[in-house]
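Student: A predicted structure for the sequence below; I have some questions about it.
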Amino acid sequence: MGDAFYRRHMFLCLNQRENGEQACNNSGLADEMFHVAKAHAKALGIHGPDQVRVNRCGCLGRCCEGPVAVVYPEAVWYTYVDADDVREIVESHLRDGVPVSRLRI
């Protein structure tokens with residue numbers, strides 16, 4: 001294993017605002033997409049130490065662009081509309097190292 005514990009790390013905002021502001025989770029979509037992303041990474045055999053990790057997180061501060069995700073160490077920000085988009089990010093960026101330009105914020 002190198003210096004980094006994970007080669008790439010994907011964070012999906014699952015924050016839910018209750019004060020009338022636009023919610024990052026797009027009416028629950030983000031929670032479902034977190035599970036899609038993690039399951040897809042595991043199915044591809046790329047989830048774990050010295051590979052990639054998919055994590056849920058709180059507010060990432062880009063609510064009006066939600067739902068949002070970010071992949072590190074490249075710091076590439078994404079939005080998505082469905083499971084196909086999320087699986088594409090996992091395959092193209094997490095597995096292959098190629099950001100998905102059509103989904104970038």
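Tutor: Right, received. Where do you want to start?
Student: tell me the mean pLDDT over the top helix by length along the chain?
Tutor: If you go by DSSP state H, the chain has its longest helix at helix 29-43. For helix 29-43, mean pLDDT rounds to 95.
Student: So I46 versus F5, what's the distance?
Tutor: Applying Cβ to Cβ, to the nearest Å, the value for I46 to F5 is 14 Å. In short, each C-beta sits where N, CA and C put it, glycine included.
Student: That should have said A75, apologies.
Tutor: 17 Å.
Student: So which of the two has more stuff around it?
Tutor: F5 (11 against 7; other Cβ atoms under 10 Å).
Student: The more buried one sits in which helix or strand?
Tutor: F5 is part of no helix or strand, with elements assigned from DSSP states H and E.
Student: my guess is it contacts G48, does it?
Tutor: No. In this structure, F5 is not within contact of G48 by Cβ atoms under 8 Å, at 10.0 Å.
Student: Next secondary structure after the longest helix of the chain?
Tutor: Taking DSSP H and E, what comes next after helix 29-43 is strand 52-57.
Student: Any buried residues in that next one, and which?
Tutor: V52, R53, V54, R56, C57 (16 or more other Cβ atoms under 10 Å).
Student: Which elements pack onto that strand?
Tutor: In terms of contacts (3 or more Cβ pairs under 8 Å, 6 or more residues apart in numbering; DSSP states H and E), strand 52-57 is packed against strand 8-13, helix 29-43.
Student: so that strand versus strand 8-13, what angle?
Tutor: Here strand 52-57 points in a direction 20 degrees away from that of strand 8-13 (axes from the mean of the first three to the mean of the last three Cα atoms, to 10 degrees).
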